[in-house]
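Visitor: Everything below, folded, please.
(chains A and B)
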Amino acid sequence: MDITLKLLKPLNDVVGQNELSIKVENGTIESLLAALSNDHPKLAEEIIDEKGDLDYRINVILNDKPLSDLNVSLNDGDLVTLFIPISGG
Amino acid sequence: MQERKLAIVDLSKGKVQTYTIPKSWRRGFLGGRGINSYLLYNLLEKGTDPFSPRNVFILGVGPLGGTLAPSSSRFSASALSPETGFLGDANCGGFFGPELRYAGFDHLVLRGKAKNPSYVNVQDGEIEIRDGRDYWGMDTYDVQKAFRKDLGDVESVVCGVAGENKVRFACLRTGVKNAAGRCGLGAVMGSKNVKAVVASGTDGIEVEHPEEMLEVVKDIKDYLMASKITPILGSMGTPLLYEISNTIGAIRTKNSQLNAWSDSLNAEELEKYVEKMISCSSCFMHCRHRNMFDGEGPEYTAVGLLGANLGLDDYPEVIKLNNTCNELGLDVSSSGTILSWAFELYKKGLIDKKMTGQELRFGDFELADELLHKISKREGFGDILAESSKAVKKFGPKSEDYLIAVKGLPQSDPHDVRYIKAFGLGIATASRGADHLRSRPTLEIFFRLPLEVKEKIYGKGVTADPTSYDGKEKAVYFSDNIFATIDSVGICKFICHGFNSPHFLSYEHFSKLLHAVTGMRFGEKELENIGKRIIDTERMFNFKHGMTAKDDTLPKRYFDDPMKLKVGKGHRIERKGFQKMKKRYYKLRNWNEQGRVKKQRVKQIESYGGLP
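Guide: Okay, the predicted model is just below:
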């Protein structure tokens, strides 16, 4: 299935694009991360921790729903937004 | 041990008296905001008019201010606020705070009123009230240049034309953009017939343990530089936050009628108009933009409140409005909030052309710029807007339903707090009114922060879900305390534990720095208790000047109107949940059910005594 991955600054700078179209094998965040590791290793290095999990400092929004638990099903055409949630001001 | 000095300048009598700050005050309140608040509580009588000579205007620098300690540029300005009638307090970076210390003083109190326009000159231990008539009427840039031309290498904190005209949200300015922005302190300076405090000194600051200081600073610098957040803040500054808030649908838009706005105000668009990044004294973050329109900024606050909130989506226009506020000496936060409030009232028919003299509408840059100039001169409709939230008296009681303010202070930042409930409690209970810089528990936006990490910082009982009311009082309590402490040591909140990052500087680091600089040992718990004491002192001050628990509330719109867009869609603050959360916050602070500091605690704080 095809997932659109939106990256907010500064993550977009790593790949030079604001949005990526990612093909994932099954509808899990795990498979999305695997595809990223393969196609965009520099980005993967920024956002995946040493255990292979998405760094807890990266926020994930699936369409308009923020995720605290990444155990969700992705559907074809979903928009996944990733960002570092700085909010001090 | 390092000695610290306080001067009281009586502008009416033309007299200056200097004091050594008692060690007990330094142990109890550190300096900066802490000692300022304690002085305010002691010096101001109940019933004082903020514009009367009886109000006092205080500048204060913390014990780390102007040293090698990272980001130690800050000073605090305090007075009874003409915008709220309660605590007026604002914290500011730049180079003035350190220079005041190099000139020999840590705290400066101005009381009374000068007969003619004046400025206060502080130089190498001497203070003089000087004729300032030649400087009166200048904008904030020109007057600082004039002081440099006339007096040499000086730093000054000034009020603009807005302050001279007692606009209730006039700010203090130092450098091109640095502002003690909130609560109308520029208007208090102007009401005293003072254009500026100018400082220059060659004394430096005595550091008790220089070698220890070098080691501590190196360790702290390495710690901060290892963070992922540091380079991000250094390359983009706060405008980065616009896209984040907008993504979750938390950007105050058109007076909070909407909660999301255009991507054209994202930080990457701003980069086209940035000349370079610069920094304040002793800071390696360099989070500030020098823009291509002869100014500095905008910060995230200006992007949101002079952009989305006014219905503007063109970056050059937003930058120009930001520069206008800076030149005139207007607080950006109140300016954006008050203008958008008036625009909505006009659209709703609650005010009309008879009062405004012209059509008001969102999305009109020329109109916004013209109104800012009129406000600063109190000209025409600008005279009403210059009253800030007190314009309700002219606009009618119904207008208050659309005012985004707490305790009369327009909300400081562009973040719509209806989604993250702890942010709501923070601005409702903050000691100076609706302001994120007093107690915002920003880690609430880390939606995937493990609960154990959150509990370690905020305490057991805090919940992971940002939309829950449960345990959020703990997050606000933690933030309130540590922000009061960091404001009082003299370091920027930007590198404070729990502000932009789950890491950064905490009581442990403050303790090491304080020992190296002052020779005084402060335990981590003791530093946290100082924060609590400062919050209680500010609460005592506010209650003395008429505040009640009813003032700890939120704008009606945040309770009644659900957000319309994006992640926040459908969210609002429920009154019942909010009230319960507020009660728990009072309990945590050991205030009584009416939110008042208990008698025994008042007695204990008052026992620190008056001026020596």
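
Visitor: How far away from the center of its chain is the biggest helix by length in chain A?
Guide: In chain A, assigned by DSSP state H, the helix with the most residues is helix A:29-39. Distance, stretch centre to chain centre, for helix A:29-39: 9 Å (C-alpha atoms, centre = their mean, to the nearest Å).

Visitor: Please name every helix or strand in contact with it.
Guide: Applying 3 or more C-beta pairs under 8 Å, 6 or more residues apart in numbering or on different chains; DSSP states H and E, one finds that helix A:29-39 contacts strand A:2-7, strand A:19-23, helix A:41-47. (C-beta placed from N, C-alpha, C; glycine too.)

Visitor: Of those, flag the one that's most buried.
Guide: Of all these, strand A:2-7 has the most neighbours on average by mean count of other C-beta atoms under 10 Å in any protein chain shown, namely a mean of 18.

Visitor: Within the sheet, what are the partner strands of it, with directions?
Guide: strand A:19-23 (antiparallel), strand A:79-83 (parallel) (DSSP bridges).

Visitor: how many degrees apart are it and helix A:29-39 in direction?
Guide: With axes from the mean of the first three to the mean of the last three C-alpha atoms, to 10 degrees defining the directions, strand A:2-7 sits at 70 degrees from helix A:29-39.

Visitor: What lies in contact with strand A:2-7?
Guide: Residues outside strand A:2-7 that contact it (C-beta atoms under 8 Å, 6 or more residues apart in numbering or on different chains): A:14-15, A:17-24, A:32, A:36, A:43, A:74, A:76-83.

Visitor: Got a ChimeraX select line for the buried ones in the residues you listed?
Guide: Only the buried entries of the contacts of strand A:2-7 go into this ChimeraX selection, using 16 or more other C-beta atoms under 10 Å in any protein chain shown:
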select /A:15,18,20,22,24,32,36,43,74,78,80,81,82,83
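
Visitor: Could you export the strands paired with strand A:2-7 to JSON lines, including columns for mean pLDDT?
Guide: Below are the strands paired with strand A:2-7 laid out as JSON lines (pLDDT from 0 to 100):
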{"stretch": "strand A:19-23", "mean pLDDT": "96"}
{"stretch": "strand A:79-83", "mean pLDDT": "97"}
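
Visitor: Show the model's pLDDT score for the residue in the stretch 351-500 of chain B positioned nearest to chain A.
Guide: The stretch 351-500 of chain B approaches chain A most closely through residue B:500 (3.8 Å), counting by C-beta to the nearest C-beta. With respect to pLDDT, residue B:500 has a value of 83.

Visitor: Number of residues surrounding it?
Guide: 27 (other C-beta atoms under 10 Å in any protein chain shown).

Visitor: Leaving out chain neighbours, which residue sits closest to it?
Guide: Among residues not flanking residue B:500 along the chain, residue A:88 sits closest, at 3.8 Å (C-beta to C-beta, 6 or more residues apart in numbering or on different chains).

Visitor: Please apply the same query to residue B:465.
Guide: Nearest one to residue B:465, counting by C-beta to C-beta, 6+ apart, is residue A:68 at 7.2 Å.

Visitor: Surely the one you found is in contact with residue B:467?
Guide: No: in this structure residue A:68 lies outside contact range of residue B:467 using C-beta atoms under 8 Å: 10.7 Å.

Visitor: related to what we said a few turns ago, you'd agree the residue nearest to residue B:500 is up against residue B:497?
Guide: No: the pair residue A:88 / residue B:497 is not scored as a contact, 11.4 Å apart, by C-beta under 8 Å.

Visitor: Leaving out the residues flanking it, which one is nearest to residue 76?
Guide: Just going to use chain A. residue A:1 is the one closest to residue A:76 (C-beta to C-beta, 6+ apart), at 3.9 Å.

Visitor: Correction: the question concerned chain B.
Guide: Nearest non-adjacent residue to residue B:76, counting by C-beta to C-beta, 6+ apart: residue B:33, 4.1 Å away.

Visitor: In chain A, which residue sits closest to chain B?
Guide: Evaluated by C-beta to the nearest C-beta, chain A has residue A:88 as its residue closest to chain B, separated by 3.8 Å.

Visitor: so what's residue B:499 up against?
Guide: Residue B:499 neighbours (C-beta under 8 Å, 6+ apart): A:88, B:440, B:442, B:479, B:483, B:493.

Visitor: what sits against the third one?
Guide: Which is residue B:442. Shown in contact with residue B:442 (C-beta under 8 Å, 6+ apart): A:86-89, B:479, B:498-500.

Visitor: Looking at these, which one is closest to residue B:11?
Guide: Taking C-beta to C-beta as the measure, residue A:89 is the one of those closest to residue B:11, at 34.8 Å.

Visitor: Distance check, residue B:442 against residue A:61.
Guide: Distance, residue B:442 to residue A:61, using C-beta to C-beta, to the nearest Å: 18 Å.

Visitor: how distant is the helix or strand of chain B with the lowest mean pLDDT from the center of its chain?
Guide: Within chain B, no helix or strand scores below helix B:229-236, which has a mean of 88 by mean pLDDT, DSSP states H and E. For helix B:229-236, the separation from the chain centroid amounts to 21 Å (computed by C-alpha atoms, centre = their mean).

Visitor: and if you look at stretch B:502-514?
Guide: That offset, for stretch B:502-514, works out to 21 Å (C-alpha atoms, centre = their mean).

Visitor: And for stretch B:54-70?
Guide: Worked out by C-alpha atoms, centre = their mean, stretch B:54-70 lies 14 Å from the chain centre.

Visitor: and it, average pLDDT?
Guide: The model assigns stretch B:54-70 a mean pLDDT of 98.

Visitor: Do you know the pLDDT at residue B:532?
Guide: Per-residue pLDDT puts residue B:532 at 98.

Visitor: Might one say that it is in contact with residue B:481?
Guide: Yes: with contact defined as C-beta under 8 Å, residue B:532 reaches residue B:481; the gap is 5.5 Å.

Visitor: Looking at those two now, which is surrounded by more residues?
Guide: residue B:481 (22 against 17).

Visitor: my guess is the more buried one meets residue B:531, correct?
Guide: Yes: using C-beta under 8 Å, residue B:481 is in contact with residue B:531, at 3.6 Å.

Visitor: And chain A, is stretch B:248-259 touching that?
Guide: Yes: using C-beta under 8 Å from any C-beta of the partner chain, stretch B:248-259 comes into contact with chain A via B:248-249.

Visitor: ok, now which ones touch residue B:473?
Guide: Residue B:473 sits next to B:425, B:581-582, B:584-585, B:588 when contact means C-beta under 8 Å, 6+ apart.

Visitor: typed the wrong thing, it's residue B:73
Guide: Counting by C-beta under 8 Å, 6+ apart, residue B:73 touches B:65-66, B:93-95, B:97-98, B:280-283, B:492.
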